[in-house]
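S.K.: Below are the sequence and a predicted model for it; my questions follow.
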Amino acid sequence: MTNVVSRLRRAPLAQGAPEERHRLTASTGLAALGLDALASCAYGPESIVLALAVAGGAGIGFTVLVTLVIVGLLAVLVVCYRQVINAYPEGGGAYAVARDNLGRRAGLVAAASLVVDYVLNVAVSVAAGVAALTSAFPALLPYTVELCLAVMLLVAAVNLRGVVAGGRLFALPALVFVGSMVVLIVVGLVRGGPLAPLPATDVVVTPQTVGVLLILAAFANGCAALTGVEAIANATPSFRAPRRVRARRAEAGLGLVLGTLLIGLGVLVQLFHAGPVGGRTLLSLLAEGSVGTGVFYVVVQLSTVVLLGLAANTSYGGLPVLAARLAADGALPHVFGLRGDRQVYRASIMVLSVLAGALLLVSGGQVAVLVPLFAIGVFVGFALCQAGMLRHWWALRGPRWQSRAALNVLGAVLTGAAAILLAAEKFSAGAWLIVLVIPVLVLLFSGVRSAYARIGQVLEVDERPQRPRPVGSVVVVPVVGISRLAEESLSAALSMGDRVVAVHVVLSGENDDRAAAAHLQQRWAEWRPDVTLVLLEAVDEHGRPSRVLGPAIVSYLRTLAEPGTERVLLLVGEVQPDHWWQRVLFNRRGAVVGRYAERHSQAVVCRLRFRLLPRPETSPVARARGERGLVLPRS
């Protein structure tokens, strides 16, 4: 008895096991969705130093302070997004929170900002990875665009095999990168200084004091290190059950690892007095000062190249789930909500690849062109998400809601200020394009919603329609001659409608065609199919002689029945070739007629595909053929 009960308890799990296999654990989720955030260690501290270096050593001395502020904002975001995961386990992140608490329009703005950021993340990550590769191997520089597209297609192909495949494949590069960063930081801290003096900075230093504006500029630049923090909350449905627990663990792990690495790198910058050097990345300078230029230096550089190239995987994990939520709400075509066998949203992956590929082509794969557009969208989403969670706690007023709401107030103020700073700082460098694209996407989402609303109104989706009732029907069958295709089409029509009419279009001014039509009438009378044959003159929409069949048939369909009295059907018979090469043997005029009738008439268009198979030997016609040798008499 105990065994039976145990089996029954395990039954639902066994049924769900195949689907759960293709979902993420906390560790694979961190690897699959956290690459963007982890890769920011390669350019986040460098962005801070670039802004501070104009004030010389005094400015670089504020690196740790600015980094601590950014890590503090990171901690706020991690805690807030753990709240989002708990409150919205169905995913959607900032979009779901803003839609439910701030209104539909705010939700669409959040969604548009995240879509922009996801597309840019793919382009920036791939371009940065290829840039690091071409720096190490200058011979590859002329093939920058080709390499960018190849890396992007590789990441897309892996994700088409499922999020688990991506998480497992990308776990090793992520582990190697994090491990090399930890060794680099620990060795550098133990040494207390570089092994050898680092190259002198080549940034033009202007005599100035380190003021608030310079600190704010460094903070705005460094905020690029926080992109990707929201991806886990957006893709919560991609995790295995219990989804909330696994996703929250992954979010906490990401925040802990990223914050530790950023602080460690910031401390090394000040210890080593590292500054920008042309042709070198800040991370390579820190690696050189910490471990020298030996084998481990190469490991750091190669792991950085690989991780930057694969950081695009964050977008491939987050955008499809967001698009599925938008599709469920009617803001995107429903095809974006369809999953494949491996729990993959194929349409979203393909569209993301096309958009990112177009950006790479237009920018030539140059990071400098793409970076000014980066991070603005995600901070708009951050701010809306925090404001939405504030409304969420205000409405629920559960235990400790005041402290949670206060945290969201702080997050909303900080991320909103960061979004404004980013837009103002980088507006002339290309940020104006993002400010323009986000409203355009909102209008697109609203247009799709309006279209679905009109369709639903006509279909009476949310209403109780009238009870089904029988309506008389007439079926029109175009024929070109007497054959087995005509027999099958008319037989199907007789089973579909109350009355059936066969039509044959006669080309105007063609004596041969008129003679063929007269011959068809004679053979029709001999065949006696109990179906009326009507000959139609081939004319265009204005009644002028034509060689097109569609207008004549549509004109006849319009004369058959008054609206509401009889339903008109057009049954088009077509031969289905056995092999692909047989398609060229048929003119496919039936398909052309069917499409024309669909566009220009109210008739229900049906297509009967006749396969080229022998007639069954047991049929009466086959037996008659064996006895008489003929099926249809010929004159």
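M.R.: Perfect, thanks for sending it. Here the structure is a predicted model, which is why all the values come from computation and not from measurement. Numbers count the residues shown, from 1 in each chain.

S.K.: so what does the longest strand along the chain touch, helix or strand wise?
M.R.: When the chain is parsed with DSSP state E, its longest strand is strand 567-576. Judged by 3 or more CB pairs under 8 Å, 6 or more residues apart in numbering; DSSP states H and E, strand 567-576 is in contact with strand 473-478, helix 484-496, helix 550-560, helix 589-600, strand 604-611. Placement of C-beta: from N, CA and C, glycine included.

S.K.: ranking these by burial, who's on top?
M.R.: By mean neighbour count, with neighbours taken as mean count of other CB atoms under 10 Å, strand 473-478 ranks first of those at a mean of 23.

S.K.: Give me the contacts around that one.
M.R.: Applying CB atoms under 8 Å, 6 or more residues apart in numbering, the contact partners of strand 473-478 are 486, 489-490, 493-494, 496-505, 531, 549, 553, 556-557, 560-561, 566-573, 590, 593, 603.

S.K.: Next, name the residue at the spatial heart of the chain.
M.R.: S348 (2.1 Å; CA atoms, centre = their mean).

S.K.: just checking, it touches P320?
M.R.: Yes. Contact criterion CB atoms under 8 Å: S348 and P320 qualify, at 3.7 Å.

S.K.: intersection of neighbour lists for those two?
M.R.: With CB under 8 Å, 6+ apart as the test, S348 and P320 both reach F336.

S.K.: coming back round to it: so what does the residue nearest to the centre of the chain have for phi and psi?
M.R.: The phi and psi values for S348, taken as degrees, to the nearest 10, are phi -70, psi -40.

S.K.: mind listing what it touches?
M.R.: By CB under 8 Å, 6+ apart, the neighbours of S348 are 319-320, 323-324, 336.

S.K.: L359 now?
M.R.: By CB under 8 Å, 6+ apart, the contact set of L359 is 119-120, 123, 370.

S.K.: Kindly provide the distance from L50 to T63.
M.R.: 11 Å (CB to CB, to the nearest Å).

S.K.: Of the two, give the one with the bigger neighbour count.
M.R.: T63 (24 against 18; other CB atoms under 10 Å).

S.K.: just checking, that one touches E46?
M.R.: No. In this structure, T63 is not within contact of E46 by CB under 8 Å, at 10.5 Å.

S.K.: What residue spans form the domains of this protein?
M.R.: 25-456, 473-628 (automatic domain parsing).

S.K.: L30 against A250, yeah?
M.R.: Yes. If you go by CB under 8 Å, L30 and A250 touch, sitting 4.7 Å apart.

S.K.: Pick out whichever of the two has more residues nearby.
M.R.: With neighbours defined as other CB under 10 Å, L30 and A250 compare such that A250 has more, 29 against 26.

S.K.: Quick one: the helices and strands packed on strand 567-576 as JSON lines, columns for distance to A224 and mean pLDDT too.
M.R.: Below are the helices and strands packed on strand 567-576 laid out as JSON lines (distance: least, CB to CB, whole Å; pLDDT from 0 to 100):
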{"stretch": "strand 473-478", "distance to A224": "63", "mean pLDDT": "92"}
{"stretch": "helix 484-496", "distance to A224": "64", "mean pLDDT": "91"}
{"stretch": "helix 550-560", "distance to A224": "58", "mean pLDDT": "88"}
{"stretch": "helix 589-600", "distance to A224": "50", "mean pLDDT": "88"}
{"stretch": "strand 604-611", "distance to A224": "55", "mean pLDDT": "88"}
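
S.K.: any chance of the ones you listed in a markdown table, plus distance to A312?
M.R.: Listed next are those as a markdown table, based on distance: least, CB to CB, whole Å:
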| stretch | distance to A312 |
| --- | --- |
| strand 473-478 | 52 |
| helix 484-496 | 52 |
| helix 550-560 | 48 |
| helix 589-600 | 40 |
| strand 604-611 | 43 |
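
S.K.: so which of these comes closest to A132?
M.R.: Closest to A132 of the helices and strands packed on strand 567-576 is helix 589-600 (CB to CB; 51.7 Å).

S.K.: which helices and strands sit right next to that closest one?
M.R.: Helix 589-600 makes packing contacts with helix 550-560, strand 567-576, strand 604-611 when contacts are defined by 3+ CB pairs under 8 Å, 6+ apart.

S.K.: V84: which of the ones you listed is closest?
M.R.: Closest approach to V84 among the helices and strands packed on helix 589-600 (CB to CB): strand 604-611, 48.0 Å.

S.K.: Give me the sheet partners of that closest one and which way each runs.
M.R.: Here strand 604-611 has these sheet partners by DSSP bridges: strand 567-576 (parallel).

S.K.: Any buried residues in the partner strand, and which?
M.R.: For strand 567-576, the buried set under the neighbour-count rule, 16 or more other CB atoms under 10 Å, comprises 567-575.

S.K.: Tell me if I am right that G411 is in a helix.
M.R.: Yes. With DSSP: H, G, I helix; E, B strand; the rest coil as the criterion, G411 is located in a helix.

S.K.: Neighbours of L407, how many?
M.R.: Using other CB under 10 Å, the number of residues around L407 comes to 18.

S.K.: need the contact list for it.
M.R.: Each residue near L407 by CB under 8 Å, 6+ apart is listed here: 76, 79-80.

S.K.: Pick the one among these closest to A174.
M.R.: Here the nearest of the contacts of L407 to A174, counting by CB to CB, is V79; it sits at 22.8 Å.

S.K.: Which SSE is immediately downstream of the helix or strand the closest one falls within?
M.R.: With secondary structure defined by DSSP states H and E, V79 is part of helix 63-87. Towards the C-terminus, the helix or strand next in line after helix 63-87, according to DSSP H and E, is helix 94-102.

S.K.: Quick one: mean pLDDT for that following helix?
M.R.: Across helix 94-102, the average pLDDT comes to 87.

S.K.: how far off helix 63-87 does that helix point, in degrees?
M.R.: An angle of 70 degrees separates the directions of helix 94-102 and helix 63-87 when computed by axes from the mean of the first three to the mean of the last three CA atoms, to 10 degrees.

S.K.: Pull the residues that contact helix 94-102.
M.R.: 84, 87-88, 90, 92, 106-111, 113-114, 230, 234, 322, 325-326, 329, 381-382, 384-385, 387-392, 395.

S.K.: before we move on, back to that, name the residues that touch the longest strand of the chain?
M.R.: Outside strand 567-576, the residues that touch it by CB under 8 Å, 6+ apart are 471-479, 485-486, 488-489, 492-493, 496-497, 553, 557, 560-561, 586, 588, 590-591, 593-594, 597, 601-612.
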